[in-house]
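K.L.:
sequence first, then the predicted structure, then my questions.
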Amino acid sequence: MSAKKQTSAFQFTTGVVLYPLIGVLTLWLVFWFELKFGFNFTPYGVLPRDLKGLLGIIFSPFIHSNLSHLWHNSVPVLVLMAGLIYFYKPVAGRVLFWVAIGSGLGTWLIGREAYHIGASGVVYGLASFLFFKGIWSKHYRLTAFSLIVVFLYGSLIWGTMPIRDGMSWEGHLSGFVTGLVLAFVIKSKIAKPVKYVWETEAYNPEDDPFLQQFDKDGNFIDPPLEEDDDEDRLT
């Protein structure tokens with residue numbers, strides 16, 4: 001029994017690789033520019049409850065304190081953005097935009113009085129969205145990818161708690177909560193599980209040619225032989 005004809009919702013395109021690479025390259029170019037020309041972009045980060053600090057909602061994901069900080073955000077951004085575009089292409093841009101806005105605004109509201117910089121809030125938002133959306137979708141491919149996200153980045157959950165000085169756990173928490181909310185709110189244009197014929201309301205078992213070979217107790221029905229075939233057929 002075959003499934004209803006359905007175009008695959010998951011199609012690999014150059015954008016799956018190109019856009020994440022452009023995003024990560026931008027982070028590195030900003031960092032290189034700071035080092036090359038002696039700039040310090042930290043004051044453009046999120047400064048909680050300060051009107052000028054609202055600019056950090058836009059700029060802070062591109063600013064990093066050192067090479068280690070940049071590297072630890074680059075790999076997750078690359079992997080999670082690629083997964084977002086491949087599995088959720090119709091809503092990928094919207095999710096990325098609101099994750100950046102939500103994580104930045106949440107940091108501005110609850111953060112300590114310091115400049116909060118880095119793409120980690122976006123990383124937490126994407127990981128949260130991909131995990132919860134995959135679980136709730138009940139689509140086996142999306143669920144499988146959500147488990148991969150947990151395997152790779154499950155330890156990120158500790159970053160949402162104030163366990164280390166100098167770490168913007170507020171940004172991590174804001175990103176995580178934003179991703180969770182988006183996973184619940186965004187429902188349109190998400191791939192649905194394939195429904196087989198026998199799962200539809202129109203399906204009638206009595207019309208199924210395969211099931212007609214069995215009686216109500218599940219025993220195979222041996223079709224009657226034609227009289228002319230009785231002598232020629234061996235079983």
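P.N.:
Nice, thanks for sending it over. Numbering: from 1, shown residues only.

K.L.:
what's the helix of greatest length in the chain packed up against?
P.N.:
In the chain, taking DSSP state H as the definition, the longest helix is helix 14-37. When contacts are defined as 3 or more CB pairs under 8 Å, 6 or more residues apart in numbering; DSSP states H and E, helix 14-37 sits against helix 67-87. Where you see a C-beta, it was placed from the backbone N, CA and C, and this is true even at glycine.

K.L.:
tell me which residues in the longest helix of the chain are buried?
P.N.:
Going by neighbour count (16 or more other CB atoms under 10 Å), the buried part of helix 14-37 is V16, Y19, P20, G23, V24, L27, V30, F31.

K.L.:
before we move on, what about stretch 63-81?
P.N.:
I63, H64, H69, L70, N73, S74, P76, V77, L78, V79, L80, M81.

K.L.:
quick one, what contacts the fourth one?
P.N.:
With contacts taken as CB atoms under 8 Å, 6 or more residues apart in numbering, L70 has the following neighbours: L27, W28, F31, H64.

K.L.:
leaving out sequence neighbours, find the closest residue to the residue positioned nearest the centre of the chain.
P.N.:
The structure's the chain has its C-alpha centroid closest to L130; by CA atoms, centre = their mean the separation is 2.5 Å. Distances taken as CB to CB, 6 or more residues apart in numbering place V149 nearest to L130, at 5.0 Å, with adjacent residues excluded.

K.L.:
I'd say that neighbour and K133 touch.
P.N.:
No. Counting by CB atoms under 8 Å, V149 does not reach K133; the two are 10.1 Å apart.

K.L.:
more neighbours, those two?
P.N.:
K133 (27 against 22; other CB atoms under 10 Å).

K.L.:
which helices and strands sit right next to the helix or strand containing the more buried one?
P.N.:
According to DSSP states H and E, K133 maps onto helix 120-137. Judged by 3+ CB pairs under 8 Å, 6+ apart, the packing partners of helix 120-137 are helix 67-87, helix 92-110, helix 140-153, helix 169-185.

K.L.:
hmm, which helix or strand of this protein has the shakiest average pLDDT?
P.N.:
Least confident helix or strand of the chain, by mean pLDDT, DSSP states H and E, is helix 140-153 with a mean of 87.

K.L.:
show me what that helix is packed against.
P.N.:
So helix 140-153, by 3+ CB pairs under 8 Å, 6+ apart, packs with helix 67-87, helix 120-137.

K.L.:
quick check: angle from the first one to helix 92-110?
P.N.:
When you say that, I think you mean helix 67-87. If you take axes from the mean of the first three to the mean of the last three CA atoms, to 10 degrees, helix 67-87 sits at 140 degrees to helix 92-110.

K.L.:
I'd like the distance between the closest residue to Y44 other than its chain neighbours and T178.
P.N.:
In space, and not counting its chain neighbours, Y44 is closest to F59: 4.3 Å by CB to CB, 6+ apart. Distance, F59 to T178, by CB to CB, to the nearest Å: 18 Å.

K.L.:
for those two, indicate the residue with more neighbours.
P.N.:
T178 (27 against 16).

K.L.:
can you list the weak-confidence ranges in the chain?
P.N.:
The chain contains residues with pLDDT under 70 at 1-9, 188-218, 220-235.

K.L.:
can you rerun that using 80?
P.N.:
Along the chain, the parts satisfying pLDDT under 80 run over 1-11, 138, 140, 188-235.

K.L.:
next, give phi and psi for V46.
P.N.:
phi -80, psi 120 (degrees, to the nearest 10).

K.L.:
please name the bridge partners of it.
P.N.:
H116 (DSSP bridges).
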